[in-house]
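Participant: Model the following, please.
(chains A and B, ligands or ions: 4)
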Number of protein chains: 2
Amino acid sequence: MILTFMGTAGSGKTTLTREFGRYLEENGHRVAYVNLDTGVRHIPYNPSLDVRENVTAWEIMEEGYGPNGAIVESYDKLLPHVEFYIDTILRLNEENDYILLDTPGQMETFLFHEFGVRLMENLPEPLAAYLFSPDILKKPYDFCFVKFFSLMIDLRLGTTTVPVLSKVDTVRDIERYRRYLEDTDYLTAKLKLDPSTQGLLAYKLCSMLPELTPPTRVVYVSAKTRDGFDELETLAYEHYCTCGDLT
Amino acid sequence: MILTFMGTAGSGKTTLTREFGRYLEENGHRVAYVNLDTGVRHIPYNPSLDVRENVTAWEIMEEGYGPNGAIVESYDKLLPHVEFYIDTILRLNEENDYILLDTPGQMETFLFHEFGVRLMENLPEPLAAYLFSPDILKKPYDFCFVKFFSLMIDLRLGTTTVPVLSKVDTVRDIERYRRYLEDTDYLTAKLKLDPSTQGLLAYKLCSMLPELTPPTRVVYVSAKTRDGFDELETLAYEHYCTCGDLT
Ligand SMILES: Nc1nc2c(ncn2[C@@H]2O[C@H](COP(=O)(O)OP(=O)(O)OP(=O)(O)O)[C@@H](O)[C@H]2O)c(=O)[nH]1
Ligand SMILES: Nc1nc2c(ncn2[C@@H]2O[C@H](COP(=O)(O)OP(=O)(O)OP(=O)(O)O)[C@@H](O)[C@H]2O)c(=O)[nH]1
Ligand SMILES: [Mg+2]
Ligand SMILES: [Mg+2]
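Facilitator: Ligands and ions are numbered 1, 2, ... in the order given. Coordinates of the predicted model:
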């Protein structure tokens, strides 16, 4: 089965790819790692497929591009090879139990670029783990933001997306996060008290959540302590089963 | 008044900042330009304030960071100076008619970083122009995506956001775009015919749009032909007036 780690820069995708992969391997699974980030310098796992063999953001910067321009240009250069990536991942998927895809440092390189969209649309029922770290969650409306951002990924890529709070080893009061992320009524009630523009919009958006999606399970992980790894594995397995590929 | 150009990499922010600024200056307005992109090499306007005087993504890459890491790190380094940027923009705002803010190449550097969030929350009623280029709009659900992405910006930054279709000189059938972007009933009807996961989610999301926001005006611009510049100016002016700063 194919599990894609997505999330904004620094949210912990690469570290989780490595650690969760190790965990799966220790539990006897065959795991293949795929690096889709043209801009990463060192990766802590051994990839079976690596976009940097085709193009790196570095070499494009040497042509005079700025870092952002170079990243976009690198995916432009990958686009004609998208079929190769799809085929290789499909082959790896037959030879392994898990394929872990590590995505670009900036999520929008993937969400807004045809390379990411085409790749994901052509893979069999990939599960997307949308990582966000605790430091972006300050006000109640921030929780509403991540919930909708996760839906935006579904909408753009057609994947099933699991919201994953990363780096939970850095937070003390995990129950607070849990409540805001899982109890939509609680979040909505809190938002109702916020008279700001954001509060009002968030209140309206969150009130609609129950009609939009079934209550989403959120996974709380730490690549340091391996908290939540069992739950992520269970969730991936359940997703895989309901797809009908294996029961 | 403060106008912020946001949008994913390559959507045309920098070019529009320059061209729209020129247009305003030619019409007798005092315009100040602010560059918030640490990773841009050449900018085609003369900025009154430039984050690169504090830090550039380049110098951080020389320390061994990859391009993404360097971009994030550069905003970490700017964060302690956020008050300086707020104060300078406020001062520029008193001395000029328009302040044009050109934002980082990757939108999420701004949306997910405390620097962007704090900056925007502390500026007086900035108007955000959310630029997206025609090439990301292929299927009906893509139109739903950009409409909601624009709401996500409101939610994260508390700004009023105008969706702006950029590079309209590159499209032939502008009426098709116009209809999908402005006629929510039409878009919803089209989505209802799409049985894919994305189609279904988009249908549900778009059905809710009328309850979430008043019908949004979309601006269609070209930095090449200056199409839509008059409308953007009118919109900015109206936004400014209703804020009560000047009537
Ligand atoms: N405390 C803690 N730190 C973590 C965890 N996971 C990652 N980090 C740290 O967060 C930083 C970013 O981790 P990465 O794995 O490179 O994140 P990424 O999302 O791949 O980053 P980019 O690809 O550069 O956008 C590193 O300094 C990691 O050591 C975690 O579970 N707990
Ligand atoms: N045809 C056409 N091309 C445009 C227009 N505006 C920008 N471009 C082109 O689009 C490309 C990106 O333009 P930029 O202004 O650098 O876009 P940006 O959003 O600032 O890009 P980054 O900051 O690098 O993310 C350049 O090649 C521009 O010449 C337009 O109105 N019409
Ligand atoms: Mg990474
Ligand atoms: Mg730019």
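
Participant: where exactly do the strands run in chain A?
Facilitator: Counting by DSSP state E, chain A has strands at residues A:2-7, A:31-35, A:49-50, A:98-102, A:127-132, A:160-165, A:219-220.

Participant: CSV for those strands, including mean neighbour count?
Facilitator: C-beta coordinates here come from the backbone N, C-alpha and C atoms, glycine included. Compiled in CSV, the strands of chain A are given as follows (neighbours: other C-beta atoms under 10 Å in any protein chain shown):
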stretch, mean neighbour count
strand A:2-7, 25
strand A:31-35, 22
strand A:49-50, 18
strand A:98-102, 25
strand A:127-132, 25
strand A:160-165, 23
strand A:219-220, 21
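
Participant: Now distance to residue B:8 too, for the ones you listed, in TSV please.
Facilitator: Formatted as TSV, those follow (distance: least, C-beta to C-beta, whole Å):
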stretch	distance to residue B:8
strand A:2-7	15
strand A:31-35	22
strand A:49-50	25
strand A:98-102	21
strand A:127-132	18
strand A:160-165	19
strand A:219-220	27
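
Participant: count of neighbours near the closest residue to residue A:105 other than its chain neighbours?
Facilitator: Spatially, and ignoring its direct neighbours in sequence, residue A:105 is nearest to residue B:68 (2.9 Å; C-beta to C-beta, 6 or more residues apart in numbering or on different chains). Counted by other C-beta atoms under 10 Å in any protein chain shown, the residues lying close to residue B:68 total 28.

Participant: that older thread, wait, which of the strands of chain A is closest to ligand 1?
Facilitator: Closest approach to ligand 1 among these is made by strand A:2-7 (5.6 Å; C-beta to the nearest ligand atom).

Participant: pLDDT on the closest one, on average?
Facilitator: Average pLDDT, strand A:2-7: 96.

Participant: same question, stretch A:217-225
Facilitator: Per-residue scores along stretch A:217-225 average to 96.

Participant: Tell me which residue is most central in chain A.
Facilitator: residue A:6 (2.2 Å; C-alpha atoms, centre = their mean).

Participant: That residue: what's it in contact with?
Facilitator: By C-beta atoms under 8 Å, 6 or more residues apart in numbering or on different chains, residue A:6 lies in contact with A:13, A:103, A:107, A:110, A:128-131, A:153, A:161.

Participant: Kindly report the same for residue A:92.
Facilitator: Neighbours of residue A:92 in contact, by C-beta under 8 Å, 6+ apart: A:32, A:34, A:48-49, A:99.

Participant: Equivalent analysis for residue A:48, please.
Facilitator: Contacts of residue A:48 by C-beta under 8 Å, 6+ apart are A:32-34, A:92.

Participant: Count the residues that sit near the nearest residue to residue A:1 once chain neighbours are set aside.
Facilitator: Nearest residue to residue A:1, sequence neighbours excluded (C-beta to C-beta, 6+ apart): residue A:240, at 4.1 Å. For residue A:240, the neighbour count with other C-beta under 10 Å is 20.
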